[in-house]
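In: here is my input, please return the structure:
(one chain, ligands or ions: 1)
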Amino acid sequence: MTAPDVQFAKMNGLGNEIIVADMRGTSARVSPAAAVALNADPATKFDQIMAIHDPKTAGTDYYVEILNSDGSRAQACGNGMRCVVQALASETGQKLFTFETVAGILSAQEHADGLISVDMGVPRFGWDDIPLAEEFADTRAIELQVGPIDNPVLHSPSAMSMGNPHAVFWVDRDVWSYDLDRFGPLLENHPIFPEKANISIAQVVSRDALIMRTWERGAGLTRACGSAACAAAVSAARTGRTDRIVRITQPGGTLTVEWRGNDHVVMTGPAEWEFSGTFDPATGTWARETESAA
Ligand SMILES: N[C@H](CCC[C@H](N)C(=O)O)C(=O)O
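Out: This next block holds a predicted model:
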């Protein structure tokens, strides 16, 4: 017997293309094959699927699984979490949520102005937590570069984890002047990153603002990346480039990230609903929900 079709909402978080899949009440999981098939259709092309499952742990509202568009599973997705909060808040009226993911417990809130804050947890800096393939005593700047040895285009990125691995390269020129589409996949798959990595380039413009672009692990160039925004803000503060509340401007728009005194990283920004439908979580076959009769 095939799994019944499930509801989904096509949404975005600052242009980061998200599918929120309602897997509550079923033991089925969204398969990597379904993710690849949905991404192959221009109408449902996405960066991440956020699959909402029944809770696994007392005290949590839901368990959330994250799949990239290549079918790989991810441990964190900030923009996707904001979309999950907006979808659930509009359905239930609930405004405060506690989620469990493979990386841990996250809390989130939809504010009266519609913006959503997600506590993305604590950053990890240890080389083996990120993880990196070899020991680095100081992950604020690791030995990795792009371009000629004597005149690298990019070098000495800050490495860390927000549950998922990130490398942030610091630049002093317009972030659009770098061929991120060319060297992103090389760095994503570099042997220094045994679990691959999300690759960002960031230009600090003041003590409380930076501009960045990201090549995402398992998804490629995206218009925004929430966990990368958290990684860039924490890394900028950690290297003395900014204070601990930073406005992050990405191609899709601006997020605010605060690295709090309790070490938690809180990201605040919008989410947007586009359309709804149903899909088969095993195959990715889908149908748009007909607009409800007026
Ligand atoms: N590509 C990421 C997951 C999604 C991150 C991004 N979309 C976000 O908003 O955090 C990874 O494999 O770690």
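
In: which bits of the stretch 101-250 of the chain sit near the ligand?
Out: Contact residues, the stretch 101-250 of the chain versus the ligand (C-beta under 6 Å from any ligand atom): 164, 198, 216-219, 225-227. C-beta coordinates here come from the backbone N, C-alpha and C atoms, glycine included.

In: go again with 8 Å.
Out: 162, 164-166, 196-198, 214, 216-219, 222, 224-230 (C-beta under 8 Å from any ligand atom).

In: in stretch 136-156, what's buried?
Out: For stretch 136-156, the neighbour count (16 or more other C-beta atoms under 10 Å) marks 136, 139, 142, 144-146, 154-155 as buried.

In: now stretch 266-281
Out: 266-267, 269-271, 276-277, 279-281.

In: just give me the neighbour total for the closest residue to the ligand within the stretch 51-200 of the chain.
Out: Residue of the stretch 51-200 of the chain nearest the ligand, by C-beta to the nearest ligand atom: residue 164 (3.1 Å). When neighbours are defined as other C-beta atoms under 10 Å, residue 164 has 26 of them.

In: do the same with the one 5 residues further on
Out: By other C-beta under 10 Å, 25 other residues sit near residue 169.

In: confirm it sits in a strand?
Out: Yes - assignment of residue 169 by DSSP: H, G, I helix; E, B strand; the rest coil places it within a strand.

In: distance check, the closest residue to residue 196 other than its chain neighbours against residue 24.
Out: Excluding the flanking residues, the one nearest residue 196 by C-beta to C-beta, 6 or more residues apart in numbering is residue 217, at 4.6 Å. To residue 24, residue 217 is 27 Å away according to C-beta to C-beta, to the nearest Å.

In: looking at those two, which is more packed in?
Out: Shown here are residue 217 and residue 24; by other C-beta under 10 Å, residue 217 has more neighbours (26 against 15).

In: my guess is the more buried one meets residue 188, correct?
Out: Yes - with contact defined as C-beta atoms under 8 Å, residue 217 reaches residue 188; the gap is 5.4 Å.

In: identify the contacts common to the two.
Out: Residues within reach of residue 217 and of residue 188 at once, by C-beta atoms under 8 Å, 6 or more residues apart in numbering, are 196-199.

In: let me know the closest of those residues to residue 120.
Out: The nearest member of the shared contacts of residue 217 and residue 188 to residue 120, counting by C-beta to C-beta, is residue 198 at 13.4 Å.

In: the residue most central in space within the chain: what's it in contact with?
Out: Geometric centre of the chain, nearest residue: residue 77, 3.0 Å, by C-alpha atoms, centre = their mean. Residues counted as contacts of residue 77 (C-beta under 8 Å, 6+ apart) are 18, 48, 50, 66, 226-227.

In: 10 Å - rerun?
Out: 13, 16, 18, 47-50, 64, 66-68, 83-84, 101, 118, 120, 162-164, 216, 219, 225-227 (C-beta atoms under 10 Å, 6 or more residues apart in numbering).
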